[in-house]
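> For reference, the sequence and a predicted model appear below.
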Amino acid sequence: MTFRARSFGHARRGTIMIDSKKYQVFTLKNFAKIPQVQSSLTKDQINSIEVVGNVLPFKVNNYVVDELIDWDDIPNDPIFQLTFPQKKMLEPAHFNEMQQVLSQGYTQPELKLVANNIRSKLNPHPAGQKDNIPVLGEHKLTGIQHKYRETVLFFPSNSQTCHAYCTFCFRWPQFVGMDEMKFAMKETDLLVQYLQKHKEVTDVLFTGGDPMVMSAKKFSEYIEPLLNADIPNLQTIRIGTKALGYWPYRFINDKDTDELLRIFEKVVNKGIQLAFMAHFNHPAELKTMAVQTAIQRILNTGAVIRTQSPIMNRINNSVDVWADMWKQQVKLGCIPYYMFVARDTGAQDYFAVTLEEAWKIYRKAYCNVSGIARTVRGPSMSADPGKVQILGVQEINDEKVFVLNFIQGRNPNWVGKPFFAKHDSDAIWLSDLEPWSGEDQFFFEEEMEQTNLLMN
């Protein structure tokens with residue numbers, strides 16, 4: 001079936017011809033029935049997916065399977081690595097333990113107990129996320145995080161899933177039935193009250209999961225209270241989403257697509273910037289007609305699209321990949337925003353790129369694009385004290401050091417203040433680094449220990 005999609009908004013009108021697609025999901029229950037899995041994977045590979053998929057979340061869909069993965073390049077295809085669990089994503093002892101309990105026919109509660117024991121060893125809440133939950137009066141706002149002065153994260157309870165799951169996801173505990181690990185809020189009333197009280201907040205980031213799994217009606221129920229309330233400090237509503245990469249048809253021919261896009265327009269017409277924070281991890285995600293059409297329809301509502309991704313071994317640890325990705329994004333009207341370092345959780349060791357390698361890839365890719373793409377920042381670690389950028393490696397008194405900088409900090413006064421760490425060619429995270437100055441701690445650590453900033 002061919003779908004005739006009207007370009008949305010007032011920037012450009014016309015007709016786009018694109019085949020429609022009905023969303024079909026694959027999980028542990030039915031992935032083995034995928035024709036490409038049957039023809040391209042060995043029994044051992046299928047077994048590994050089943051074992052690892054009982055610990056880490058696994059969900060993929062027909063768009064990813066049919067249009068993104070190169071099944072002639074298995075298992076090395078980056079989108080396959082991005083979406084299908086791999087054996088080495090677990091430590092050998094953990095893999096063997098889970099494989100054994102699966103082969104012995106454990107009951108579902110027994111299986112969950114073993115899986116949760118393994119999960120608890122994978123740092124399920126990195127960067128002190130539970131410390132970011134604010135309080136309003138006597139209410140602990142478990143669906144909100146407030147780490148940086150100007151920005152509040154909001155976790156709608158209806159966005160606690162995604163169109164497909166990334167194997168590197170740092171919020172993986174929310175998708176594996178660990179209810180005590182979830183951040184979620186059903187109503188926006190408390191969010192509105194919090195924003196009215198905290199006038200320093202200018203940005204609200206809708207996150208999850210993925211807010212774009214919600215119906216337009218449900219999404220509107222979260223957005224409308226923000227638009228109708230008296231919150232003069234609210235300047236930007238952000239949507240953190242992977243939908244453009246995993247299900248661009250959400251913005252083309254889902255049953256309520258036009259209604260959803262009208263909500264985007266409504267936000268913009270209210271004088272609030274709508275920033276679509278799109279996660280793209282590889283250039284392959286930008287090259288289908290579906291994603292290019294979806295991007296245009298979103299931009300035509302007046303929203304802006306900013307792009308971000310972690311740098312990951314086996315997926316995008318290449319200068320050419322990053323330069324190509326940024327060029328493609330700019331060509332399509334998107335704004336490159338962040339290169340992140342893969343967080344210290346889940347399958348981090350599988351995807352880890354050293355800080356030095358990440359910086360070298362970033363620098364060389366940055367040098368290979370025009371100034372219009374140099375809006376991107378990185379490589380950045382979203383660590384407990386804040387977003388720490390690796391500015392480079394330099395020599396001071398014949399000694400190599402890392403030059404670091406806060407892009408964001410729990411204390412805003414830390415931002416833009418360069419500091420140094422001893423060079424460590426094996427370091428993959430901030431916790432691997434030591435101060436260069438001879439001090440026992442970095443300049444921010446004493447304050448981090450004394451107080452949990454911005455929580456009251």
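That came through fine.
> Roughly how far does A342 sit from A358?
9 Å (Cβ to Cβ, to the nearest Å). C-beta coordinates here come from the backbone N, C-alpha and C atoms, glycine included.
> which residues do these two both contact?
Common contacts of A342 and A358 (Cβ atoms under 8 Å, 6 or more residues apart in numbering): I311.
> Could I get the phi/psi values of the most centrally placed residue in the chain?
Nearest to the mean C-alpha position of the chain, by Cα atoms, centre = their mean, lies H279 at 6.0 Å. Reported as degrees, to the nearest 10, the phi and psi values for H279 are phi -90, psi 110.
> That one pairs with what?
Q308 (DSSP bridges).
> tell me the contacts of E110?
V101.
> so where does it fall, helix or strand?
helix 108-119 (DSSP states H and E).
> Run the chain-centre distance for that helix.
26 Å (Cα atoms, centre = their mean, to the nearest Å).
> what about the strands in the stretch 301-450 of the chain?
Secondary structure of the stretch 301-450 of the chain (DSSP state E, counting those that start in this stretch): strands at 304-311, 335-341, 377-382, 386-396, 399-409, 419-422.
> and G208, which of these is closest to it?
Distance to G208, taken as Cβ to Cβ, is lowest for strand 304-311 among the strands of the stretch 301-450 of the chain, at 15.4 Å.
> what's the angle from the closest one to strand 335-341?
Taking axes from the mean of the first three to the mean of the last three Cα atoms, to 10 degrees, strand 304-311 and strand 335-341 form an angle of 20 degrees between their directions.
> rewinding a little: same list, the strands of the stretch 301-450 of the chain, but as a markdown table with distance to P283 please.
Shown next, in a markdown table, are the strands of the stretch 301-450 of the chain (distance: least, Cβ to Cβ, whole Å):
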| stretch | distance to P283 |
| --- | --- |
| strand 304-311 | 11 |
| strand 335-341 | 12 |
| strand 377-382 | 17 |
| strand 386-396 | 23 |
| strand 399-409 | 25 |
| strand 419-422 | 32 |
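> rewinding a little: quickly note the distance from the residue nearest to the centre of the chain to S215.
21 Å.
> repeat for T188
Counting by Cβ to Cβ - T188 and S215 are separated by 16 Å.
> okay, these two: which has more neighbours?
It is T188, of T188 and S215, that has more neighbours when counted by other Cβ atoms under 10 Å, with 21 against 14.
> quick one, phi psi at the more buried one?
Torsion angles at T188 (phi, psi; degrees, to the nearest 10) stand at phi -100, psi 0.
> how much space is there between it and D398?
T188 is 57 Å from D398, where distance means Cβ to Cβ.
> where does the stretch 1-150 of the chain have low pLDDT?
1-17, 124-131 (pLDDT under 70).
> all helices of it, in order?
Listed in chain order, the helices of the stretch 1-150 of the chain (DSSP state H, counting those that start in this stretch) span 35-40, 43-52, 62-63, 78-83, 92-103, 108-119.
> Output these in a markdown table; the columns should cover distance to I263.
Shown next, in a markdown table, are the helices of the stretch 1-150 of the chain (distance: least, Cβ to Cβ, whole Å):
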| stretch | distance to I263 |
| --- | --- |
| helix 35-40 | 36 |
| helix 43-52 | 37 |
| helix 62-63 | 23 |
| helix 78-83 | 28 |
| helix 92-103 | 42 |
| helix 108-119 | 36 |
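> Tell me which of those helices is the most buried.
helix 78-83 (a mean of 24; mean count of other Cβ atoms under 10 Å).
> Give the residue spans of the stretch 351-456 of the chain that score low on pLDDT.
For the stretch 351-456 of the chain, the ranges with pLDDT under 70 are 451-456.
> please redo it, this time with the cut-off set to 90
397, 437-440, 448-456 (pLDDT under 90).
> Q24 reaches K59, doesn't it?
No. Under the criterion of Cβ atoms under 8 Å, Q24 is not in contact with K59, lying 11.4 Å apart.
> Compare those two (neighbour count), which wins?
For Q24 versus K59, neighbours defined as other Cβ under 10 Å are more numerous around K59 (20 against 13).
> OK, contacts around the more buried one?
25-27, 161-162, 164-165, 175.
> how much space between the closest residue to it other than its chain neighbours and S309?
Spatial nearest neighbour of K59, chain neighbours left out: Y165 (4.6 Å); criterion: Cβ to Cβ, 6 or more residues apart in numbering. Distance, Y165 to S309, by Cβ to Cβ: 15 Å.
> cool, A229 as well?
33 Å.
> Likewise for E67?
19 Å.
> And for K364?
Distance, K364 to S309, by Cβ to Cβ: 17 Å.
> The two: who's more crowded?
S309 (27 against 14).
> How about the more buried one, nearest residue that isn't a chain neighbour?
Nearest one to S309, counting by Cβ to Cβ, 6+ apart, is N281 at 4.6 Å.
> can you pull the contacts of the one you found?
78, 82, 166, 245, 309-310, 312, 315-316 are the contacts of N281 under Cβ under 8 Å, 6+ apart.
> change it to 10 Å
Residues in contact with N281 (Cβ atoms under 10 Å, 6 or more residues apart in numbering) are 78-79, 81-82, 166, 168, 242, 245, 307-312, 315-316, 321, 325.
> for W247, same thing?
Neighbouring residues of W247 by Cβ under 10 Å, 6+ apart: 21, 23, 25, 61-64, 162-164, 210, 212-213, 241, 254, 290-291, 294.
> how close does P418 get to K147?
Counting by Cβ to Cβ - P418 and K147 are separated by 21 Å.
> Of these two, give the one with the bigger neighbour count.
Taking neighbours as other Cβ under 10 Å, P418 and K147 compare with K147 leading, 26 against 10.
> is it true that that one touches G386?
Yes. In terms of Cβ atoms under 10 Å, K147 counts as a neighbour of G386; the distance is 7.7 Å.
> how many other residues sit next to the closest residue to L286 other than its chain neighbours?
Closest residue to L286 apart from its sequence neighbours, by Cβ to Cβ, 6+ apart: Q328 at 4.4 Å. Per other Cβ under 10 Å, the neighbour tally for Q328 reads 21.
> Isn't Q328 up against T288?
No. With contact defined as Cβ under 10 Å, Q328 does not count as touching T288 (11.5 Å).
> Number of residues surrounding V135?
Applying other Cβ under 10 Å, we find 13 other residues in the vicinity of V135.
> Same check on the one 5 residues further on?
K140 is surrounded by 10 other residues when neighbours are defined as other Cβ under 10 Å.
> neighbours of the residue lying closest to it once chain neighbours are set aside, just the number please.
Spatial nearest neighbour of K140, chain neighbours left out: I133 (6.1 Å); criterion: Cβ to Cβ, 6+ apart. Counted by other Cβ under 10 Å, the residues lying close to I133 total 16.
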